[in-house]
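1. okay, sequence plus prediction incoming.
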Amino acid sequence: MLDLFLQTVVNATYAASYLALVAVGLALIFGVMGVINFAHGELYMLGAYAVVYLYVEQEMNYFAAVAIGLIFLGVLGAAMERGLFRPMRDNPLGGLIVSIGLLLMLQAAVAMGFGVRMEHITAPYQTVIQVFGMEGVVIPLQRLFVILAAIILLGGLWVFLRRTRLGWAMRACAQDNEAAALQGISINQTARLAMCIGAALAGVAGALTAPLVRTYPYMGHSVIVAAFIVIIVGGIGSLEGAVIAAVLYAFVHTFVTTQFDGVIADIVGLVMMMLVLIVRPTGLFGTKDRA
């Protein structure tokens, strides 16, 4: 029984890691740009397919494929901000519709290029590490990579936002765009950087988890649903809230899945979101003003 509990904790930690990367990217984009990006799950999917193409089909080094996927999604995010979301800056509904259209286009493009079948990628590292000093509690090295990458990337983002001028500019724009502009901060540059970072975080999450899940053109659906639950529970626009809510959601979902099944776990996740909103409509760490 203790073995099962500890193994579930390990599994939940892995789930929280990649979910936090996706959710923080989504929260960052909304916080700075005010855009509800429904295509964010497809950026996760593109990160996974970057590994399918580069690592599997082109036989490139796995970590090089992940790095290229991260860069590619960052550039794509910047292009999305400039070409799609910037013209809709004063039209939130238009931005929402654009993101839904982009979602469908990306799904169709990947389905045409790779087919709709599920791809299974053999993990480059098959080693399994024993944890907690117990024989029945293990973590695959591939999952450990995801956890370490999430800690490094999210820690780096925290330092960037708190210790650099560009990070201060992004936080200022998240608090008040007009006041930030009056202080000489470029709203366009800040929004482009936020979209770039947010897309890259989603892409690297998909790239790192590609060998651990089945990749297919519609794999972003479940991820974006979970990410929206996380940012609503944590407080829309709150990065700290997104991380804490990702951990909370991942642990609840993983433990319920272990004891019952995934459908019940999805229902429990939605009920958890509803209860949080009833008690605190702005989320655990949200404020009445967009932060």
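-> Thanks, I have it. Values in this document were obtained by computation on a predicted structure and should not be read as measured data. Residues are numbered from 1 along each chain as shown.

2. and residue 185, that one's in a helix?
-> No: if the criterion is DSSP: H, G, I helix; E, B strand; the rest coil, then residue 185 is coil and not within a helix.

3. and the gap between it and residue 166?
-> Distance of residue 185 to residue 166, given as CB to CB, to the nearest Å: 10 Å. Quick note: C-beta positions are derived from backbone N, CA and C, even for glycine.

4. between these two, who's got more neighbours?
-> Using other CB atoms under 10 Å, the more surrounded residue of residue 185 and residue 166 is residue 185, with 18 against 13.

5. distance of that one from residue 191?
-> 11 Å.

6. which residues are in contact with each of these two?
-> Contact criterion CB atoms under 8 Å, 6 or more residues apart in numbering; residues shared by residue 185 and residue 191: residue 173.

7. quick one, helices of the stretch 51-200 of the chain?
-> 62-80, 92-114, 141-163, 165-175, 177-182, 187-209 (DSSP state H, counting those that start in this stretch).

8. give the contact list for the closest residue in space to residue 246 that isn't next to it in sequence.
-> In space, and not counting its chain neighbours, residue 246 is closest to residue 20: 3.9 Å by CB to CB, 6 or more residues apart in numbering. When contacts are counted by CB under 8 Å, 6+ apart, residue 20 touches 150, 154, 230, 242-243, 246-247.

9. by neighbour count, which of those wins?
-> Busiest of these [other CB under 10 Å] is residue 242, holding 33 neighbours.

10. quick one: contacts of the helix or strand where that residue lies?
-> Residue 242 is part of helix 239-259, with elements assigned from DSSP states H and E. For helix 239-259, the external contacting residues (CB under 8 Å, 6+ apart) are 4, 8-9, 11-13, 15-16, 19-20, 23-24, 26-28, 31, 154, 157-158, 161, 226, 229-231, 233-235, 264-266, 268-269, 272, 283-286.

11. over to stretch 107-118?
-> In contact with stretch 107-118 (CB under 8 Å, 6+ apart) are residues 42, 45-46, 49, 52-53, 214-218, 220.

12. what's the average pLDDT for that stretch?
-> Per-residue pLDDT values over stretch 107-118 give a mean of 90.

13. going forward, the N-terminal residue is numbered 571.
-> Let's use 571 as the start, then, which means that last one is stretch 677-688.

14. quick check: buried residues in that stretch?
-> 677, 680, 684 (16 or more other CB atoms under 10 Å).

15. swap in stretch 750-764?
-> Per 16+ other CB under 10 Å, stretch 750-764 contains these buried residues: 750, 755, 757, 760-764.

16. again with stretch 629-640
-> So for stretch 629-640, counting by 16+ other CB under 10 Å, buried means 632, 635-636, 638-640.

17. and for stretch 591-607?
-> So stretch 591-607, judged by 16+ other CB under 10 Å, has buried residues 591-607.

18. can I get that stretch in CSV, CA atoms only?
-> The C-alpha trace of stretch 591-607 is given here as CSV (Å, rounded to 0.1, in the frame of the first residue of the first chain):
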residue,chain,number,x,y,z
LEU,A,591,5.0,24.4,-18.3
VAL,A,592,1.8,24.5,-20.5
ALA,A,593,-0.3,26.4,-17.9
VAL,A,594,2.4,29.0,-17.1
GLY,A,595,2.8,29.7,-20.8
LEU,A,596,-0.9,30.1,-21.2
ALA,A,597,-1.2,32.4,-18.1
LEU,A,598,1.8,34.5,-19.2
ILE,A,599,0.1,35.1,-22.6
PHE,A,600,-3.2,36.1,-21.0
GLY,A,601,-1.5,38.2,-18.3
VAL,A,602,0.5,40.3,-20.7
MET,A,603,-1.7,40.3,-23.9
GLY,A,604,-5.2,39.6,-22.5
VAL,A,605,-5.6,36.9,-25.1
ILE,A,606,-7.4,33.6,-24.4
ASN,A,607,-5.4,31.4,-26.7
